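Trainee: Fold the following.
(one chain, ligands or ions: 1)
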Amino acid sequence: MNIHLITVPYHMGQKDTGVGQGPSRYLEGGLGSLVQSASGHTVKLVPIEAGFSARIEQVNAALTGAVAAAVGLGAFPLVVAGNCNSCLGTLPALRPAGLGIVWFDAHGDFHTRESSISGNLDGMALALATSQFVDESRTMLLGVRDLEAGERERVAGSRMRVIPAADWSDSFVSKNPPQADRVYLHIDIDVIDPRVSPGVNFRGAGGLSPEQLETALRTVRGRCPFAAAALTNYNPDLDVDWKTRNLGLRLARLISSIM
Ligand SMILES: [Mn+2]
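Mentor: Residues are numbered from 1 along each chain as shown. Model prediction:
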């Protein structure tokens, strides 16, 4: 299957700022050729362009168009984005029947406008995704370790299946496969332990190891196909010796080889 490598170089509508620089650094690190060699298929690079300063909704609308175009051609959409709210651009372009979400993140991204202290859209990304596009019962939140007050209660009261990083076991996913025919895979790279991946805005201790994440990805893929995948939230300004960039490249390579 051909891959459309869709890059979204934006942070909250601002181009090439903070985590919005991540896609460019990955591309400079060889992302395109690596995805091509891992998948053995043609890779088309699709950069989202919405000017230097746009509304988040404009960026996501452009992303919806790009993902829909990929799906229309039977290509696999691999989204590399600054923000987790890119899910709100990707999901509307995917056929909803049987669709689930597998979401790796240190955070819940499960605030409402009422529970959010910051009002930051990224803190609501999964909450909006499950209220608008995919039912909670078909959603898994994996590797979470930093839930805020208000959000913690909302996650606990949800029908999502949740495994915190602190309770991680490699067998969890095989014992609790996604209740879906195919899944949108979302990886916020801050799910990984910051000691091995420092290039993130959140450096709270206790994240997953790259090997734990990779094992989980293989297990999920063994149960159901990916409808699309997203890799988000790499901040090159905070990276050390390209550790997080190289990890992201490794993850993109794995996704491309098993998708
Ligand atoms: Mn996060």
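Trainee: Contact residues of the stretch 1-150 of the chain facing the ion?
Mentor: Contact residues (C-beta under 5 Å from the ion) of the stretch 1-150 of the chain with the ion: 105, 106, 107. Just so you know, the C-beta spots here come from the backbone N, C-alpha and C atoms, and that holds for glycine as well.
Trainee: repeat that with 8 Å
Mentor: 84, 105, 106, 107, 109, 122, 146 (C-beta under 8 Å from the ion).
Trainee: Are any of the residues you listed buried, and if so which?
Mentor: For these, a burial check counting by 16 or more other C-beta atoms under 10 Å picks out 84, 105, 106, 107, 109, 122, 146.
Trainee: Take those and lay them out in CSV including secondary structure and pLDDT.
Mentor: Below are those laid out as CSV (DSSP: H, G, I helix; E, B strand; the rest coil; pLDDT from 0 to 100):
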residue, secondary structure, pLDDT
84, helix, 97
105, coil, 98
106, coil, 97
107, strand, 96
109, coil, 94
122, helix, 83
146, strand, 96
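Trainee: out of those, who's nearest residue 227?
Mentor: residue 84 (17.2 Å; C-beta to C-beta).
Trainee: Excluding chain neighbours, what is closest to that closest one?
Mentor: Spatial nearest neighbour of residue 84, excluding adjacent residues (C-beta to C-beta, 6 or more residues apart in numbering): residue 125 at 4.3 Å.
Trainee: Please name the nearest non-neighbouring residue to residue 158.
Mentor: Spatial nearest neighbour of residue 158, excluding adjacent residues (C-beta to C-beta, 6+ apart): residue 136 at 5.0 Å.
Trainee: where's the residue located most distally from the centre of the chain, which helix or strand?
Mentor: The outermost residue of the chain relative to its centre, with distances by C-alpha atoms, centre = their mean, is residue 114 at 24.1 Å. For residue 114, there is no host helix or strand (DSSP states H and E).
Trainee: okay, it: pLDDT?
Mentor: pLDDT recorded at residue 114 is 79.
Trainee: Can I get the residues of the stretch 1-150 of the chain next to the ion in a markdown table including distance to residue 140?
Mentor: As requested, those are exported to a markdown table (distance: C-beta to C-beta, whole Å):
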| residue | distance to residue 140 |
| --- | --- |
| 84 | 15 |
| 105 | 11 |
| 106 | 15 |
| 107 | 15 |
| 109 | 13 |
| 122 | 19 |
| 146 | 17 |
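Trainee: From those, pick the one nearest residue 17.
Mentor: residue 122 (13.9 Å).
Trainee: I'd assumed residue 85 was in contact with that closest one.
Mentor: Yes. Counting by C-beta atoms under 8 Å, residue 85 is a contact partner of residue 122 at 5.2 Å.
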